[in-house]
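Undergrad: pasting the sequence and the predicted coordinates here, then a few questions.
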Amino acid sequence: MNKLFAANWKMHKTASEAKQTVAELVGLTSGKVKADREVMIIPPFTALASAGEALRGAKNFLLGAQNFYPQKQGAFTGEISPGMLLDAGASFALTGHSERRHVLGETDGVVGTKTAFGLESGLGIILCVGEKIDERKAGELRAVLERQIRAGVRDVPKDIAPEKLALAYEPVWAIGTGEVAGPKEILEAHAFVRTMLSEIFGASASEMRILYGGSVKPDNASEIIALDNVDGVLVGGASLKADEFSRIVLA
Ligand code: PEP
């Protein structure tokens, strides 16, 4: 299974800035990315086309989207469908990112509906899960992960192709804070996520990627990526500059 290095740009970059950053990143990494690694750029909707254009032809580069609405089309002002994302060149989308859960109010139920709908529509999905600091302090790590995973994949067919569904463990207290989960914490959470996936999906769970996200930087990426059950990273802040993200991809 290829390791995935995903760049979540959140609400950053215009179309032309995205094009320039992707072009720089492709230039910096060209011919140097290990054969078992994939790089995914996840720009805002308005930069999907220009980012896609800049990565066209670059080996092992993919385009992803940050969000979608779980309907094919209709009277949903301001929303974007999975079909529109596929048409714009995205092959994956995020669901359950902590900012959508905790800033924009998406419930476990909504995340589950979106995950199943996105997959059914042909997108690959990176389902994000993770505990808040008070939940960790209260010893609720496993309970939170179990609840979010079970609800997140509630309607996903058990025979889903494992390469279409990835999980991202992103402790909320480590996102955008500079605070990184230590190896022990990452190992524990990822092993638990793998066990949950195995209970739900059986043997194919070993082929599902589990990413770590939370203040990944060039100086901690190689240690994190080498840990058991870590099949990639989801990077926010440190993915915005081509130079910094290239050092993570090449770590
Ligand atoms: C994220 O946005 O998913 C993320 C992990 O952000 P950061 O790398 O900035 O912590």
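TA: Received it, and whenever you're ready, just let me know what you need.
Undergrad: by proximity to the ligand, which residue of this structure wins?
TA: Going by CB to the nearest ligand atom, the ligand is nearest to Gly236 of the chain, at 2.3 Å. To be clear about C-beta, it is placed using only N, CA and C from the backbone, and glycine gets the same treatment.
Undergrad: beta partners for the nearest residue to that residue once chain neighbours are set aside?
TA: Excluding its sequence neighbours, the residue lying closest to Gly236 (CB to CB, 6 or more residues apart in numbering) is Asn8, at 5.1 Å. Per DSSP bridges, the residues bridged to Asn8 are Ile42.
Undergrad: any idea how far Asn8 lies from Gly64?
TA: 8 Å (CB to CB, to the nearest Å).
Undergrad: common neighbours of these two, please.
TA: 42, 94 (CB atoms under 8 Å, 6 or more residues apart in numbering).
Undergrad: got the residues of the stretch 51-200 of the chain near the ligand?
TA: Within the stretch 51-200 of the chain, the residues that sit near the ligand (CB under 6 Å from any ligand atom) are 170, 175-176.
Undergrad: could you dump these into TSV and include neighbour count?
TA: Listed next are these as TSV, based on neighbours: other CB atoms under 10 Å:
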residue	neighbour count
Glu170	26
Ile175	21
Gly176	13
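Undergrad: pLDDT added to these, as TSV?
TA: Converted to TSV, these look like this (pLDDT from 0 to 100):
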residue	pLDDT
Glu170	97
Ile175	89
Gly176	87
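Undergrad: contacts only, for Arg150.
TA: 196, 200.
Undergrad: pretty sure Asn220 is touching Val180, no?
TA: Yes. Look at Asn220 against Val180 with CB atoms under 8 Å: they come within range, at 5.7 Å.
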